[in-house]
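Undergrad: Okay, here's the prediction I keep looking at, along with the sequence it came from:
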Amino acid sequence: MLDVPSISAIVAAIGVIVGVVFTYSEVGNLVKARRTDVSWRIYQSFCSKEFLEAVYKVWNLEFEDYNDFVKKYGPPFAENPVAVALAIVGNLYEGAGELLYRGLADYESVSNIPIGMMWEKMKPIVEGARKQYNFPTLFNKFEYLYNETKKREQQLAKAQ
């Protein structure tokens, strides 16, 4: 037969186990809620009127290389609508890349945005500005985001 101290110890152990299971469950729910919040914020940012106007402006730029871009639109750090559009687009992608790099967002949270086509459009401008302004880290997390996208695409292609 069990005495009172034994029953008390068993009840305490069961209480600890229930507490651990509950805590584990709640942490999982918090992680899911955080990821959902991050995904939603990214989505909202990429659907904003300001971003969409900027992305259309950048997408419709016509240039051969960095020098041609500067000749037609001015330097990328000028006070003009094209430079502002480049900054809006680049900074938003930079932020998404930073979140992915730091593990604050998973790839699925950022994979629904048009990463490849935007980086390929902006790459000559970014690389030229990096050299001209001695700014080697300009949009480096945007480039990281692009490279991660390419890695994922290659992994998917190999799996098929």
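TA: Everything's here; your move. Numbering: from 1, shown residues only.

Undergrad: Tell me the spacing between residue 13 and residue 19.
TA: Spatial separation of residue 13 from residue 19 under the definition Cβ to Cβ, to the nearest Å is 11 Å. The C-beta positions use only the backbone N, C-alpha and C, and glycine is treated the same way.

Undergrad: what's the answer for residue 62, then?
TA: Between residue 62 and residue 19 the distance, using Cβ to Cβ, works out to 63 Å.

Undergrad: Show me what secondary structure element comes after the one helix or strand in the chain whose mean pLDDT sits lowest.
TA: Every helix and strand of the chain was ranked by mean pLDDT, DSSP states H and E. The lowest is helix 4-46, at a mean of 78. Helices and strands here follow DSSP states H and E; after helix 4-46, the next one along the chain is helix 49-59.

Undergrad: Let me see the residues that make contact with whichever helix or strand comes after that following helix.
TA: Reading on from helix 49-59 to the C-terminus, the next helix or strand found by DSSP H and E is helix 66-73. Helix 66-73 is contacted by residues 61-63, 76, 80, 82-83, 124-125, 127-129, 132 when judged by Cβ atoms under 8 Å, 6 or more residues apart in numbering.
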